[in-house]
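Colleague: predicted model and sequence below, questions to follow.
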Amino acid sequence: MLRLDHGTWLAMLAHAYDELPYEMCGLLAGPAGSGDVQCFYPCRNAARSARVYTVDPRDHLRADRDAEERGWEILGVVHSHTHTPAHPSPTDVDQSPDPAWHYAIVSLADGAPALRSWRISAGNIDEEAVVVAEWLDSTSE
């Protein structure tokens, strides 16, 4: 399960609209082994494409360092689909680097933004629940 607060969802959505016509991307961080997003790191899409994304390596390094300083780890990645549903494309599946990561997708298709999250391992795609809470208390289960 992927859990985030409403402010984080709004930041992800703002980044998606700001990056149009390109896909946006960012990294999600929180306590190790959890799905509790404590920080969203907006990243540049080094691919500058409306169809694919590549997290800028400098942004990835910056996020890794900041998360480590806070005692967190990178939990996953989020990117947008500008004209298609929030379902992993074949490219998304091929480029999923870590089976422990959460792969969140924000779709801007159909006029109403949608957020879905997936676990991808060895080519298998499994959707997971997404909970957007008013606020997120990382001390509770």
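Modeller: Looks like it came in fine. Numbering: from 1, shown residues only.

Colleague: what helix or strand does residue 84 sit in?
Modeller: Using DSSP states H and E, residue 84 sits in no helix or strand.

Colleague: what segments of the chain are helices?
Modeller: 6-19, 57-69, 90-94 (DSSP state H).

Colleague: ok, residues contacting the last one?
Modeller: Looking back up the chat, that one is helix 90-94. 51-52, 79, 103, 105, 120, 123, 125 (Cβ atoms under 8 Å, 6 or more residues apart in numbering). In this view, the C-beta of every residue, glycine as well, is placed from N, C-alpha and C.

Colleague: correct me, but residue 130 touches residue 116?
Modeller: Yes. If you go by Cβ atoms under 8 Å, residue 130 and residue 116 touch, sitting 6.4 Å apart.

Colleague: ok, which stretches of the protein are strands?
Modeller: Using DSSP state E, the strands of the chain run over residues 2-5, 25-30, 39-43, 73-81, 102-107, 114-121, 124-128, 130-133.

Colleague: make a markdown table from those and add mean pLDDT to it.
Modeller: As requested, those are exported to a markdown table (pLDDT from 0 to 100):
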| stretch | mean pLDDT |
| --- | --- |
| strand 2-5 | 96 |
| strand 25-30 | 98 |
| strand 39-43 | 98 |
| strand 73-81 | 97 |
| strand 102-107 | 97 |
| strand 114-121 | 96 |
| strand 124-128 | 95 |
| strand 130-133 | 94 |
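
Colleague: for residue 96, find the nearest of those strands.
Modeller: Closest approach to residue 96 among these is made by strand 114-121 (4.1 Å; Cβ to Cβ).

Colleague: start to end distance for stretch 109-118?
Modeller: In terms of Cα to Cα, to the nearest Å, the two terminal residues of stretch 109-118 are separated by 18 Å.

Colleague: thanks a lot, catch you later.
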